[in-house]
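Participant: give the three-dimensional model of this entry:
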Amino acid sequence: MLISQLTRIVEETGRPRIALVGDLMLDEYIWGDVQRISPEAPIPVLRVGHREIRAGGAGSVAVNLGRLDVDVHVFSVIGEDNAGDRILSLLESEGCNVSGVVRDGGRPTTLKARHMGYVQHSHRAVQQMLRVDEEDLSPVTALSVDELLERMFASGEGYDAVLVSDYGKGLVSSALMAGIHARCETAPVLVDPARTSDYSAYRGSTLVCPNRFEAELASGIPCSDLEGCREAAGKLRDEFGFQNVVVTMDREGMFVDQGTDQQTHLPTRASVVADVTGAGDMVLAILGMVAAAGKTAEEGARVANVAAGLVVRQFGVVAVSRKELLDEIQDQGNPAAGKVKSLDELSAVLGAGQKKGRTVVFTNGCFDLLHPGHHHLLNEARREGDLLVVAVNSDSSIRRLKGEGRPRIREGDRIKMLAGLEAVDYVILFEEDTPLHLVEELVPDVLVKGGDYRDEAVVGQDIVENNGGRMVFIDRLPGLSTTELLGEEEAGAEQEG
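Facilitator: Numbering: from 1, shown residues only. From the prediction side, this is the model:
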């Protein structure tokens, strides 16, 4: 599908009114240091440093919809507890309407607390030590289901689409789904199923989007390859009367079954997969947004494939805005897509990476007239860690440092060339004479400079080392510096003159 067609699909979605029904969860991350073993038992002692909370389960889908500028109305059943208060507050802050969420004092809000221990004092490696779940998996009461349906359809306004995010926590049942189908005469109903072998509760839905493991469990057909996913999708569609089945295949993309002679495999667009967390929630949000505009399942899957490719290149659960999605579509086929970041964007993505134990490497320079010496420096720098950040002097910065004749290559082209290199993960432009502010804000784990800086005070070295990081010097290739190359060029021009 052409870039212009994908762009048109997204632009034509407008701001649909979507109902999201599903299991809301609160994800809590408890971060701390591990420096000793307990004298009471052979277990590590976690000294808590800070805590984070995020919307999980259907809440993650809601956040995605909110970022996509959808008018999202959330329907669920949660407890009358602190965890419930916190997840509602999170969703409201993302612009979600949560008036349809039923509070039931007889059951707890699902809370998943992950204890994350830094296993080095420098905070440069992290390990999930323990997950503590507080939840009730028993079916939600019939009274709560009736109240949810009443709130969902009381206004009589209707919805452009209904999304069901089932995490198997007791909310989604045959009774709930029957009530939704009975009241949704025209709106498509899309389901992200639970990991279950029985899809009868979802029978008759417009679309179901299992991942390959869920599709295998429900169909009994191994889904380790494309042919298996094809057979499983066909069986599920025929057996349960689904109009469409979309099987997400992680690194292999998606398989879309819209009926006889309408089966399509969409390969993944992500050249680098950093973290698949949250990709499934994004897929449901996109499929729902596109279906709400009356588009086909294949059109929705093609847009979702682009969004998923953007999500898995980053660490942690990432919500994508409408603008980011359109930018990603425009950047199809561009190896530099998504690598050029603002300071706020870079700080967020690097912070998420470091919390997962990724080592951040930072280097900087003018990179005017990109040459093999630069390639050598960057490739060697990449060996020092997991994420390489290259900070690039702006045109005005270079003129102040090197005179009016420089740079030879403008900043826009320089950052594009650097972002196109496989060794480089992220590129950021800076206007100052030095990258001190960037180092202060990003606090990388490794600072890299050329070997000719060994006898000089390197900007930011003290910040990195005081935070437990290290300084690395990489010897340059002889005769390959921009200044030397430009000197040879100018000398040659003088001789010709």
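Participant: all contacts plus neighbour counts: C-alpha atoms, from now on.
Facilitator: Fine.
Participant: strands of the stretch 351-497 of the chain, residue ranges please.
Facilitator: 360-365, 387-393, 426-430, 446-450, 470-474 (DSSP state E, counting those that start in this stretch).
Participant: so what touches stretch 218-235?
Facilitator: 196-199, 212-213, 215-216, 236, 245-247, 255-257, 259 (Cα atoms under 8 Å, 6 or more residues apart in numbering).
Participant: try it again at 10 Å.
Facilitator: Residues outside stretch 218-235 that contact it (Cα atoms under 10 Å, 6 or more residues apart in numbering): 193-199, 208-217, 236, 239, 241-242, 244-249, 252-260, 263-265.
Participant: report the buried residues of that stretch.
Facilitator: 218-219, 221-223, 226, 228-235 (16 or more other Cα atoms under 10 Å).
Participant: how distant is that stretch from the center of its chain?
Facilitator: Remark: stretch 218-235 is offset 27 Å from the chain centroid, using Cα atoms, centre = their mean, to the nearest Å.
Participant: averaged pLDDT, it. What do you get?
Facilitator: For stretch 218-235, the mean pLDDT works out to 96.
Participant: with stretch 383-390 instead?
Facilitator: 93.
Participant: and that stretch, how far out from the chain middle?
Facilitator: On the basis of Cα atoms, centre = their mean, stretch 383-390 sits 20 Å off its chain's mean C-alpha point.
Participant: distance of R67 relative to S60?
Facilitator: Plainly put, R67 is 11 Å away from S60 if you go by Cα to Cα, to the nearest Å.
Participant: again but with E328, I slipped
Facilitator: E328 sits 21 Å away from S60, going by Cα to Cα.
Participant: compare those two (neighbour count), which wins?
Facilitator: When E328 and S60 are compared on other Cα atoms under 10 Å, the one with more neighbours turns out to be S60, at 26 against 19.
Participant: confirm the more buried one sits in a helix?
Facilitator: Yes: counting by DSSP: H, G, I helix; E, B strand; the rest coil, one finds S60 located in a helix.
Participant: count of neighbours near the closest residue to it other than its chain neighbours?
Facilitator: Closest residue to S60 apart from its sequence neighbours, by Cα to Cα, 6 or more residues apart in numbering: D281 at 6.3 Å. The tally of other residues near D281 (other Cα under 10 Å) stands at 25.
Participant: chain center to the host helix or strand of D281: distance?
Facilitator: If you go by DSSP states H and E, D281 is part of helix 279-292. Put simply, helix 279-292 sits 14 Å off its chain's centre (Cα atoms, centre = their mean).
Participant: do the same with stretch 45-53
Facilitator: That offset, for stretch 45-53, works out to 23 Å (Cα atoms, centre = their mean).
Participant: can you pull the buried residues of it?
Facilitator: 45-46, 53.
Participant: one more: stretch 448-458?
Facilitator: For stretch 448-458, by 16+ other Cα under 10 Å, it's 448-450.
Participant: kindly check the end-to-end length of it for me.
Facilitator: End-to-end distance (Cα to Cα), stretch 448-458: 10 Å.
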